[in-house]
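Chemist: 3D model of this:
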Amino acid sequence: MKKIAAGLLIPAMVLSSLISAPLFAATDSPLLPDTGQSKQYDTEGKVLAASSSSLYTGQDASVVGNELGYVDNGDGTITDLNTGLMWQKAYDSTRRNLADTVEHVENMELAGYDDWRVPTIKELYSIANFDGELIKPEDEGESQPYIDTDYFDYQYDRLAFAGQFWSSTVYVKNDVQNLTEHGGIQGAFGFNFSDGHIKSYETGLYFDGTEMPTNAFVPGCFVRAVRSTTTLYDMDYVDNGDETVTDQSTGLMWAKNDSGETMDWVEALEYAENSELAGYSDWRLPNSKELQSLVDYEKQSFPAINTDVFNVSLDSFDSVEDAYYFWTSTTQGDFKWTAVYVAFGQAWSKKNSDATEYYDWHGAGAQRSDPKTGEPSDYELASEMASDYISINNWVRLVRDAQ
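Modeler: Predicted coordinates for the structure are as follows:
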């Protein structure tokens, strides 16, 4: 911890909040924060009063997790009660490439500290709130960003959907998009707090490290700085010898094997509900933060999971037919007839709905969403900038609380 000025006092109002708050990472083991999703939805995106149908048992909002919790320190910083990380309350709203962003944050001095840094993608994702939703201009309602605005500052950009924030996690498995010069374009992961997705963004470098020309299209991202550390994402695995694996970092027990076949979201919920793997009957479909905690972003090969510990059914990740997408129990707020998945293989998209060739546009470890049921031909998930591959039948890896 680097503190510039000694003798910083804790304001009385903050001390009071700490006393009344639950135990948290600063004094105990860090906890994986919940997604914050508070409503349940059917396959058409309609709100369910409760899981009245067995078809929807186990979706995100029906499972009690570690409630999102923060303390405003009264000095422009926010402490996360689950992870113990300290965050910048405001954020830098200048779009920069990744290198310039890192330099900007390293030069920060805030609240008496000078050890601010760009968060990893897992740290950044920890403050996401999946009660967010981006409302189209033609629809009724008010957009809600994917972050708790009672604690964190947030303002929509001129383009309401453009709320991309950098992480420090560079995509190392391959280049993004389809350029060939200097090995293609280097990407790094970010989270969009306007529309609730993880994807890989152009860093400003080619994949071989060569700097891209200044006239290259590198839109840049915002940044919210973080400081301190957490052991939450150490991925400290123990093979239990019964086809289960416990992550001692998060306290979650996982199925060692994937589902062995793909299925739609309703079938995935039912598959989890009916599982009695290793003699346990409380298996569930992981929420988006639980599943993302498994992603190995530093591994240089596919799939983006520790294959020394976990078994995978695929041995090829070269095309959309090999899409290794895994369902979560979390509904995507912008399109509530879709549910969140995490890509453990390449995350496929194309230039627009008229294009025919898909590329690893978002990167293994990206978080996107798929329609909960139906046929891919019934849907289109496209914008002027990209059109995601629609799978619908995705993989499952079960989870339960280890204790």
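
Chemist: only C-alpha atoms for contact and neighbour calcs from this point on.
Modeler: Noted.

Chemist: where do the helices sit along this protein?
Modeler: 12-20, 98-106, 121-125, 265-274, 288-292 (DSSP state H).

Chemist: Include mean pLDDT, mean neighbour count and distance to residue 348 when you put those helices into a markdown table, please.
Modeler: Listed next are the helices of the chain as a markdown table, based on pLDDT from 0 to 100; neighbours: other CA atoms under 10 Å; distance: least, CA to CA, whole Å:
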| stretch | mean pLDDT | mean neighbour count | distance to residue 348 |
| --- | --- | --- | --- |
| helix 12-20 | 38 | 12 | 44 |
| helix 98-106 | 97 | 18 | 23 |
| helix 121-125 | 98 | 23 | 19 |
| helix 265-274 | 96 | 21 | 19 |
| helix 288-292 | 98 | 22 | 18 |
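
Chemist: Between those, which one is closest to residue 245.
Modeler: helix 288-292 (13.6 Å; CA to CA).

Chemist: how close does the spatially most central residue of the chain sit to residue 293?
Modeler: Central residue of the chain (CA atoms, centre = their mean): residue 125, 4.6 Å from the mean position. Distance of residue 125 to residue 293, computed by CA to CA, to the nearest Å: 10 Å.

Chemist: cool, and residue 41?
Modeler: In terms of CA to CA, residue 41 sits 24 Å off from residue 293.

Chemist: Kindly list the longest strand within the protein.
Modeler: Looking across the chain with DSSP state E, the single longest strand is strand 197-206.

Chemist: That one packs against which elements?
Modeler: If you count contacts as 3 or more CA pairs under 8 Å, 6 or more residues apart in numbering; DSSP states H and E, strand 197-206 packs onto helix 98-106, strand 185-192, strand 367-371.

Chemist: As CSV, the ones you listed with distance to residue 209 would be great.
Modeler: What follows is the helices and strands packed on strand 197-206, written out as CSV (distance: least, CA to CA, whole Å):
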stretch, distance to residue 209
helix 98-106, 11
strand 185-192, 8
strand 367-371, 25
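
Chemist: Select, out of the ones you listed, the one closest to residue 82.
Modeler: strand 185-192 (19.5 Å).

Chemist: now the angle between strand 367-371 and the closest one, please.
Modeler: 70 degrees (axes from the mean of the first three to the mean of the last three CA atoms, to 10 degrees).

Chemist: Report the backbone C-alpha coordinates of strand 185-192 in PDB.
Modeler: Taking C-alpha atoms only, strand 185-192 is exported to PDB below (Å, rounded to 0.1, in the frame of the first residue of the first chain):
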ATOM      1  CA  ILE A 185      -4.800  -6.600 -34.200                       C
ATOM      2  CA  GLN A 186      -4.100  -7.000 -30.500                       C
ATOM      3  CA  GLY A 187      -7.100  -6.900 -28.200                       C
ATOM      4  CA  ALA A 188      -7.600  -6.400 -24.500                       C
ATOM      5  CA  PHE A 189     -10.800  -7.100 -22.600                       C
ATOM      6  CA  GLY A 190     -13.200  -4.500 -21.300                       C
ATOM      7  CA  PHE A 191     -16.700  -4.400 -19.800                       C
ATOM      8  CA  ASN A 192     -19.400  -2.200 -21.200                       C
END
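
Chemist: quick check, distance from it to the centre of its chain.
Modeler: 12 Å (CA atoms, centre = their mean, to the nearest Å).

Chemist: thinking again about what came up before, got the contact list for the residue nearest to the centre of the chain?
Modeler: Residue 125 makes contact with 191, 289, according to CA atoms under 8 Å, 6 or more residues apart in numbering.

Chemist: now it: how far from residue 147?
Modeler: For residue 125, the distance to residue 147 - CA to CA - is 10 Å.

Chemist: next one: residue 257
Modeler: 33 Å.

Chemist: Looking at those two, which one has more neighbours?
Modeler: residue 147 (22 against 17; other CA atoms under 10 Å).

Chemist: tell me the contacts of residue 185?
Modeler: 175-177, 179, 202, 205-207.

Chemist: switch the cut-off to 6 Å
Modeler: 175-176, 206-207 (CA atoms under 6 Å, 6 or more residues apart in numbering).

Chemist: what does residue 140 give?
Modeler: Taking CA under 6 Å, 6+ apart, one finds nothing in contact with residue 140.

Chemist: could you measure it against residue 340, distance?
Modeler: Taken as CA to CA, the span from residue 140 to residue 340 is 24 Å.

Chemist: now the residue lying closest to residue 201 once chain neighbours are set aside: how far from residue 315?
Modeler: Of all residues not flanking residue 201 in the chain, residue 187 sits nearest, at 5.0 Å (CA to CA, 6 or more residues apart in numbering). In this view, residue 187 and residue 315 are 24 Å apart by CA to CA.

Chemist: who has more neighbours, the two?
Modeler: residue 187 (28 against 9).

Chemist: Return the set of residues that bridge with that one.
Modeler: residue 202 (DSSP bridges).

Chemist: Counting neighbours, what do you get for the residue lying closest to residue 301 once chain neighbours are set aside?
Modeler: Of all residues not flanking residue 301 in the chain, residue 173 sits nearest, at 5.5 Å (CA to CA, 6+ apart). Neighbour count for residue 173, taken as other CA under 10 Å: 20.

Chemist: you'd agree residue 173 is up against residue 299?
Modeler: No: using CA atoms under 6 Å, residue 173 is not in contact with residue 299, being 7.2 Å away.

Chemist: picking that back up, quick one, which of the helices and strands packed on strand 197-206 gets closest to residue 323.
Modeler: Nearest of those to residue 323, taken as CA to CA: strand 367-371 at 12.3 Å.

Chemist: ok, which stretches of the stretch 101-250 of the chain are strands?
Modeler: Under the criterion DSSP state E, counting those that start in this stretch, the stretch 101-250 of the chain carries strands at the ranges 164-170, 185-192, 197-206, 221-223, 226-227, 237-239, 244-247.

Chemist: So for the first one, mean pLDDT?
Modeler: In this model, strand 164-170 has a mean pLDDT of 98.

Chemist: could you give the angle of the longest strand of the chain to strand 367-371?
Modeler: 130 degrees.
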